[in-house]
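>>> have a look at this prediction, sequence included:
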Amino acid sequence: QVQLQQWGAGLLKPSETLSLTCNVRGGFFSGYYWTWVRQPPGKGLEWIGEINHSGSTNYIPSLKSRITISLDMSKNHFSLKLRSVTAADTAVYYCARGGVTGYGKIWFDPWGQGTLVTVSS
Amino acid sequence: AIQMTQSPSSLSASVGDRVTITCRASQDIRNDLGWYQQKPGKAPKLLIFAASSLQSGVPSRFSGSGSGTDFTLTISSLQPEDFASYYCLQDYNYPYTFGQGTKLEIK
């Protein structure tokens, strides 16, 4: 059974770089989309980006200039970096595995436990 | 980006009730839609993908329907553990977008 465990710094100052890592246990990278979703406190979910096993990425346009998602299969993890953070980036960040069925339908499961990242001076 | 409009934003119901949550897409998304349940302080959990396919291990009281722009999540007989927030997610094109969520509360 695949499990995702994530970690990273929880308190940042404005202009710093958010850095989170998601470790993949019990599974393999090929054929999946390794995804990040965030949720500001008390608000809804926002898909922010993904990477596949080939290193191809897709990002939400509003973050495209600041976001990098990378993959290190030798260490069984993928990572999120978000540069120049502001208070608007304060959120719980989740990693998730995106899968595709044989007929091209997408699902997201499992999810990491979430990491609250607070940006405050 | 495709806008997903979910309704209602909150809902009060009793154990045993049948409840329906709807999601409307701003354009045709075929059946590229999933439903996720989230409990306070927890990660989302996949319930339904491809609009109507029940994820393995999810109780059969959950069902999804719809295609094109209009979609529905139905819980046939509410159980105490179903009181949570529910989100739809379109995966038709990038950026993927969620509905704003429905908070299901005990009446």
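Nice, thanks for sending it over.

>>> for the residue nearest the centre of chain A, pull up the helix or strand it's in.
Computing the C-alpha centroid of chain A and ranking residues by CA atoms, centre = their mean puts A:Trp36 first, at 2.5 Å. Element membership for A:Trp36 (DSSP states H and E) is strand A:33-39.

>>> could I get that strand in CSV with only the CA atoms?
Taking Å, rounded to 0.1, in the frame of the first residue of the first chain, the C-alpha atoms of strand A:33-39 are listed here in CSV:
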residue,chain,number,x,y,z
TYR,A,33,1.5,12.3,-11.6
TRP,A,34,3.1,13.6,-8.4
THR,A,35,0.9,16.5,-7.3
TRP,A,36,0.8,19.4,-4.8
VAL,A,37,-2.5,20.9,-3.5
ARG,A,38,-2.8,23.7,-1.0
GLN,A,39,-5.6,25.0,1.3
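
>>> run a quick neighbour tally on the closest residue to B:Gln6 other than its chain neighbours.
Closest residue to B:Gln6 apart from its sequence neighbours, by CB to CB, 6 or more residues apart in numbering or on different chains: B:Gly99 at 3.0 Å. All C-beta atoms are positioned from the backbone trio N, CA, C, and that covers glycine. By other CB atoms under 10 Å in any protein chain shown, 27 other residues sit near B:Gly99.

>>> isn't B:Gly99 right up against B:Thr5?
Yes - at 6.7 Å, B:Gly99 counts as touching B:Thr5 under the criterion of CB atoms under 8 Å.

>>> and A:Val37, what does it touch?
A:Leu45, A:Glu46, A:Trp47, A:Ile48, A:Tyr93, A:Tyr94, A:Cys95, A:Ala96, A:Phe108, A:Trp111, B:Pro44 (CB atoms under 8 Å, 6 or more residues apart in numbering or on different chains).
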